[in-house]
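Enquirer: I would like the atomic coordinates for the input below:
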Amino acid sequence: MRPVETNPPPFEMPEQAQRRAPLGQPQETPKDDNHALEELRHLIVAPEREGIAEISSRLDNLERRAEDVSSVVVEAIQMRREHDGDRALADALGPTIEDTLRDSVRKHPQVLADALFPVMGPAIRKSITETLRSMLESFNEALEHSLSLQGIQWRMEALRTGKPFAEVVLMHSLLYRVEEIFLIHKETGLVLNHLTAPAVAAKDADMVAGMLSAIKQFAHDGLNADREELLGKIGMTGFDLWVEDSPHAIIAAVIRGHAPEDFRIRMKEVLEKTEEHFSFAFEDFKGDAGPFRAAEDRLAPLLEAQLREGQERGPKRKPRALIAVSCVVLLGLAAWMTYVTLAVHKWTAFANGLKEHSGIVITSFDKENGRYQIRGFRDPLAEDPAALLAKEGFVARDAEFHLKPFYSMEDSMVLKRAKLLLAPPAGVKLSMKDGKLSADGVASPEWIARLQDRAPWIAGVTDLDITRLQNSEVIALDRTKTAIESIVLVFPAGKAVLEPGEEATLASAQQDIRNLMVQASRANVRVQVELIGHTDSTGLEAAHLPLSKQRADAILSRLTRAGVKPSAFRPRGVGTSQPLHSEDTEEGRRLNRSVTFHVDIEPASPAN
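Expert: Residues are numbered from 1 along each chain as shown. Below you'll find the model as predicted:
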């Protein structure tokens with residue numbers, strides 16, 4: 001065994017060895033130590049780095065940021081309201097909400113109308129009911145006073161003083177009436193709201209507000225009064241102006257007559273409630289009176305009126321004479337209203353009847369300055385409205401027609417226009433349907449050509465139908481053709497000269513052929529006349545064809561000598577191949593010894 005050393009060499013740590021190294025010598029950190037340091041740094045710093053990266057990502061992502069805000073927006077609004085009050089939040093959101101409402105109304109007005117429908121209906125009905133009630137009360141009061149002895153006295157007073165009768169009645173029967181209510185901003189003197197009683201001429205609200213401001217300034221400068229105090233009552237000609245004020249507003253009432261003092265208490269109560277309800281609007285007032293329109297419901301009850309004790313309406317005993325006069329007046333009024341109603345109905349029926357006449361369009365019908373004004377359009381060929389007016393028994397001076405000219409496209413008016421411009425002959429009938437003009441009958445070729453040329457230029461004509469229109473020259477030509485083709489010129493057996501007595505038939509044929517040529521020229525057609533020679537079956541067969549040709553040539557020679565142009569004729573013989581009759585009888589054989597005519601009609605070749 002190896003002996004154990006009692007004094008082993010001292011063991012030195014690496015740090016100690018490094019401390020013993022010379023000072024000028026560089027020290028190197030082992031790679032294992034660097035790796036350990038990086039691991040330590042990662043364990044300490046990595047969670048903070050990940051948190052910072054997560055925060056940066058949430059800030060850069062708009063969707064995640066919006067999601068974060070949406071989860072706390074309700075709580076944020078509640079906290080802001082509790083911290084700064086309702087007005088701060090309302091001021092911030094107000095412009096956005098106003099712009100949103102404005103755009104919504106502009107793009108989708110029906111949505112807002114549907115939302116306001118439950119409120120608008122009752123408000124409109126209430127307004128109409130109050131207006132009708134006030135009108136009926138005024139009418140009943142005027143009627144009651146007009147048909148009484150006192151009413152006659154008051155009317156005489158009105159004539160004597162030059163005042164309106166209604167003002168005289170009001171002066172004698174009214175204890176007091178509040179005619180107008182003003183709500184005025186105390187600091188600026190601007191009118192916030194203004195109400196006027198029915199049937200009262202409204203005063204200039206700005207003028208009243210300016211007057212109050214001037215009085216307030218005068219009281220302060222001239223009388224050394226407190227600027228915050230106002231005169232409670234201002235006397236004017238014919239009425240008084242009662243004034244009450246509060247820290248922010250002034251309420252002024254225009255009163256005709258003598259109102260009780262408790263009315264001032266009601267003015268103060270209304271002013272106090274207005275101050276309470278519109279406190280924020282007063283604090284933020286910058287000249288916009290819009291928020292104070294809602295104060296109308298609080299101010300309206302102050303527009304009250306009270307009659308004298310002897311003037312309250314109630315059951316009264318009327319004298320019999322007064323009742324009789326009232327009945328007569330009412331009957332006269334009823335008769336007059338009936339007359340007016342019937343007259344209006346008759347005029348309305350006349351205006352509606354004008355619409356049924358072709359070529360007349362009525363756009364408006366009303367009454368101005370005692371005369372009915374009828375406006376619209378009239379085709380020049382339509383019936384004269386003045387004549388229709390006289391036909392219905394109206395007076396011409398009671399109406400004025402303002403009808404501008406135009407071309408009606410109705411079939412009846414277009415047909416009138418076509419008849420006027422085309423002047424169809426007696427044998428032609430024109431009709432119109434859905435823009436198509438149809439002509440039926442017989443007309444000359446000249447008129448047919450005019451029809452085809454002018455019809456497309458007539459306003460309202462879009463198509464022309466002449467399939468049932470016949471050319472008179474063509475008809476005459478066909479008639480002459482039929483007459484010529486019915487002629488039979490008879491010859492003796494075996495000869496090419498006419499039988500005795502056939503000269504008259506030949507002369508008639510010559511005249512018909514001349515007429516045929518003239519008619520063909522007028523109708524612009526070309527005719528070709530065939531002279532067909534026939535023979536009977538007696539005699540030699542070989543002689544039949546030459547003999548039939550000789551007979552056709554003989555007739556052509558006679559026609560040529562009579563002045564007919566030979567170029568329009570073509571003679572030919574057919575022998576016995578085209579017999580006209582059977583030869584069972586002598587008369588049949590005689591008619592087969594003849595010359596007949598065949599006319600061909602063809603359109604003329606167009607000119608080069």
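Enquirer: can you pull the contacts of Phe263?
Expert: Residues counted as contacts of Phe263 (Cβ atoms under 8 Å, 6 or more residues apart in numbering) are 178, 242, 253, 255, 302, 304. Where C-beta positions appear, they are placed from N, C-alpha and C, glycine not excepted.
Enquirer: list the buried ones in the helix or strand the first one falls within?
Expert: Under the criterion of DSSP states H and E, Val178 resides in strand 174-185. Applying a neighbour-count criterion of 16 or more other Cβ atoms under 10 Å, one finds 174, 176-185 buried in strand 174-185.
Enquirer: Tell me the strands beside it, with direction?
Expert: Strand 174-185 has its sheet partners listed here by DSSP bridges as strand 191-196 (antiparallel), strand 249-257 (antiparallel), strand 305-307 (antiparallel).
Enquirer: mind listing the strands for the stretch 451-600 of the chain?
Expert: 463-471, 488-490, 525-534, 569-575, 594-603 (DSSP state E, counting those that start in this stretch).
Enquirer: Excluding covalently adjacent residues, which one is nearest to Leu303?
Expert: Nearest non-adjacent residue to Leu303, counting by Cβ to Cβ, 6 or more residues apart in numbering: Ala197, 4.8 Å away.
Enquirer: Test my guess that the one you found contacts Ala253.
Expert: No: if you go by Cβ atoms under 8 Å, Ala197 and Ala253 don't touch, sitting 10.8 Å apart.
Enquirer: Pick out whichever of these two has more residues nearby.
Expert: Set Ala197 next to Ala253 and count neighbours by other Cβ atoms under 10 Å: Ala253 wins out with 27 against 19.
Enquirer: Let me know the secondary structure of the residue nearest the centre of the chain.
Expert: Nearest residue to the geometric centre of the chain (Cα atoms, centre = their mean): Thr363, 12.0 Å. Judged by DSSP: H, G, I helix; E, B strand; the rest coil, the three-state class of Thr363 is strand.
Enquirer: show me what contacts it?
Expert: 375-377.
Enquirer: What subset of those is buried?
Expert: Buried members of the contacts of Thr363, counted by 16+ other Cβ under 10 Å: 376-377.
Enquirer: Could you single out the nearest of the contacts of Thr363 to Ala476?
Expert: Nearest to Ala476 among these is Phe377, at 46.8 Å by Cβ to Cβ.
Enquirer: Can you name the element that comes right after the helix or strand containing the closest one?
Expert: Secondary structure assigned from DSSP H and E places Phe377 in strand 371-378. Downstream of strand 371-378, the next assigned helix or strand under DSSP H and E is helix 385-391.
Enquirer: Touching the helix or strand just after that following helix from outside, list them.
Expert: If you walk from helix 385-391 toward the C-terminus, the next helix or strand you reach (DSSP H and E) is strand 399-405. For strand 399-405, contacts defined as Cβ under 8 Å, 6+ apart pick out 347, 360, 371-380, 385-386, 389.
Enquirer: can you give me the helices for the stretch 201-350 of the chain?
Expert: Taking DSSP state H, counting those that start in this stretch, the helices of the stretch 201-350 of the chain run over residues 205-221, 262-277, 279-283, 296-299, 320-356.
Enquirer: Equivalent analysis for the stretch 501-608 of the chain, please.
Expert: 503-522, 544-561, 586-592.
Enquirer: among those helices, which is the most enclosed?
Expert: helix 544-561 (a mean of 19; mean count of other Cβ atoms under 10 Å).
Enquirer: elements contacting that one?
Expert: helix 503-522, strand 525-534, strand 569-575, strand 594-603 (3 or more Cβ pairs under 8 Å, 6 or more residues apart in numbering; DSSP states H and E).
Enquirer: Let me know which of those is the nearest to Leu101.
Expert: Nearest of these to Leu101, taken as Cβ to Cβ: strand 594-603 at 80.8 Å.
Enquirer: Can you list the strands that that closest one pairs with?
Expert: Short version: by DSSP bridges, strand 594-603 pairs with strand 488-490 (antiparallel), strand 525-534 (antiparallel).
Enquirer: Next, format those strands as JSON lines and append mean pLDDT and distance to Asn34.
Expert: Below are those laid out as JSON lines (pLDDT from 0 to 100; distance: least, Cβ to Cβ, whole Å):
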{"stretch": "strand 488-490", "mean pLDDT": "91", "distance to Asn34": "145"}
{"stretch": "strand 525-534", "mean pLDDT": "90", "distance to Asn34": "124"}
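Enquirer: okay if I get these as a markdown table plus mean neighbour count and distance to Phe401?
Expert: Converted to a markdown table, these look like this (neighbours: other Cβ atoms under 10 Å; distance: least, Cβ to Cβ, whole Å):
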| stretch | mean neighbour count | distance to Phe401 |
| --- | --- | --- |
| strand 488-490 | 19 | 73 |
| strand 525-534 | 20 | 55 |
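Enquirer: Turn those strands into JSON lines, columns for distance to Arg80.
Expert: Converted to JSON lines, the strands paired with strand 594-603 look like this (distance: least, Cβ to Cβ, whole Å):
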{"stretch": "strand 488-490", "distance to Arg80": "125"}
{"stretch": "strand 525-534", "distance to Arg80": "104"}
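Enquirer: so which of the contacts of strand 399-405 comes closest to Leu93?
Expert: Comparing these against Leu93 with Cβ to Cβ places Arg375 closest, at 52.2 Å.
Enquirer: Next, the distance between the ends of stretch 277-290.
Expert: Taking Cα to Cα, to the nearest Å, stretch 277-290 runs 15 Å from one end to the other.
Enquirer: Generate CSV for the strands of the stretch 451-600 of the chain, with distance to Met432 as supplementary columns.
Expert: Converted to CSV, the strands of the stretch 451-600 of the chain look like this (distance: least, Cβ to Cβ, whole Å):
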stretch, distance to Met432
strand 463-471, 10
strand 488-490, 49
strand 525-534, 31
strand 569-575, 47
strand 594-603, 30
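Enquirer: which stretch among those comes nearest Ile52?
Expert: With Cβ to Cβ as the measure, strand 463-471 is the member of these nearest Ile52 (86.4 Å).
Enquirer: Flag every buried residue along that closest one.
Expert: 464, 466, 469-471.
Enquirer: circling back to that earlier point, residues shared between the contacts of Ala197 and Ala253?
Expert: Here Ala197 and Ala253 have 178, 180 as joint contacts, going by Cβ under 8 Å, 6+ apart.
Enquirer: Packing partners of the strand holding Phe377?
Expert: Secondary elements touching strand 371-378 (3+ Cβ pairs under 8 Å, 6+ apart): helix 320-356, strand 360-368, strand 399-405.
Enquirer: now do 10 Å
Expert: helix 320-356, strand 360-368, helix 385-391, strand 399-405 (3 or more Cβ pairs under 10 Å, 6 or more residues apart in numbering; DSSP states H and E).
Enquirer: With mean pLDDT and distance to Phe280 added, can I get the ones you listed in TSV?
Expert: Shown next, in TSV, are those (pLDDT from 0 to 100; distance: least, Cβ to Cβ, whole Å):
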stretch	mean pLDDT	distance to Phe280
helix 320-356	74	54
strand 360-368	80	50
helix 385-391	78	65
strand 399-405	83	57
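Enquirer: Export the ones you listed as a markdown table, with columns for distance to Leu556.
Expert: Shown next, in a markdown table, are these (distance: least, Cβ to Cβ, whole Å):
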| stretch | distance to Leu556 |
| --- | --- |
| helix 320-356 | 69 |
| strand 360-368 | 68 |
| helix 385-391 | 68 |
| strand 399-405 | 66 |
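Enquirer: Glu48 belongs to a helix, doesn't it?
Expert: Yes: assessed with three-state DSSP, Glu48 lies in a helix.
Enquirer: about what we covered before: any idea which of the helices of the stretch 201-350 of the chain gets closest to Thr100?
Expert: helix 279-283 (21.2 Å).
Enquirer: Please report how far Glu400 lies from Ser567.
Expert: Taking Cβ to Cβ, to the nearest Å as the measure, Glu400 falls 74 Å from Ser567.
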